[in-house]
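Q: quick one, structure for this:
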Amino acid sequence: MGTQAMADDNPDTPTPEPSPLVITEDMLASPSAPTPPLIDFERGMCWTPAMTLGLSVLNICFFIPVFLAEKPEQILDVFLKTALIREKVLAGEIWRMITSMFMHVDLSHLLGNMAALYIVGMACEHAFGPWQTVLVFLLAGLCGGFVSLLVHPGPSVGASGAIFGVLGCAVGFFWRHRRVVHLRDKRIGLALFAWAGYQIVIGVMEPMVDNAAHVGGLVAGLVIGCLLRPRLLAGLEPSHAVPTAMQNSG
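A: As a prediction, the model looks like this:
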């Protein structure tokens, strides 16, 4: 203690230089990753989606024999030739997997499904393109028909299973790309979810509704929407970016 005190009191004793501070990488603030611009989903959306309207026309054409039938026996004969019936499919009539998804029981059944197809098809066609939308419709319809055959023997007709698939594909797209896609009018999504929920609830309450096809098509569409490469993102241009003010508005 005494020796140290004497050294400190001596003014001629040099003060030791502080050792230099070594700056390492972990001491540096990492630059924040740039926030990618959001894509304005509605920008450039076509209100007359060609393939969606084409699928609607095809559904209408399949309904013409039912609409023109004068006797119940004639309507029944059309359904027996086109409907999804497990016994017939197992006997080799595989084409029923396709024809059944374009047939409808009555006009209200047809119009309700075509209205839903127009909305979900427009969104799906804008995101993935026309041919991929048709592919989603057919694959989801086939998956819905397959699940339907597993659950009950039939007969079953209607495009709702395929439409649920197109809806699921759009939902899968928005979920997977939620960080880069901005949907301005979220009421469309709410309306679609309300329609899907209504259809499933009705299917639970009404034994004549093929809920198995709905669920099968929806799940298939969700999977396809998460795996399929969107056309909209492949051709991203700066003009499609959402302004900062719009991004913050939510």
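Q: contacts and neighbour counts: CA atoms only from here.
A: OK.
Q: distance of Arg176 from Trp195?
A: Distance of Arg176 to Trp195, given as CA to CA, to the nearest Å: 22 Å.
Q: next secondary structure after the helix or strand hosting Leu110?
A: Using DSSP states H and E, Leu110 sits in helix 107-128. Per DSSP H and E, the first helix or strand lying C-terminal to helix 107-128 is helix 130-151.
Q: tell me the angle of that following helix relative to helix 107-128?
A: Going by axes from the mean of the first three to the mean of the last three CA atoms, to 10 degrees, helix 130-151 is angled at 130 degrees with respect to helix 107-128.
Q: helices or strands up against the helix or strand just after helix 130-151?
A: Per DSSP H and E, the first helix or strand lying C-terminal to helix 130-151 is helix 160-176. Packing partners of helix 160-176 (3 or more CA pairs under 8 Å, 6 or more residues apart in numbering; DSSP states H and E): helix 107-128, helix 130-151, helix 211-227.
Q: return the most buried member of those helices.
A: The highest mean neighbour count among those, using mean count of other CA atoms under 10 Å, belongs to helix 211-227: a mean of 24.
Q: hmm, who's touching that one?
A: Applying CA atoms under 8 Å, 6 or more residues apart in numbering, the external contacts of helix 211-227 come out as 136, 139-148, 151, 160-173, 176, 200, 203-204.
Q: thinking again about what came up before, just the mean pLDDT for the helix holding Leu110, thanks.
A: For helix 107-128, mean pLDDT rounds to 90.
Q: show me the contact partners of it.
A: 45-49, 51-53, 56, 59-60, 63, 67, 104, 132-133, 158-160, 163, 166-167, 169-170, 173, 192, 195, 228-233.
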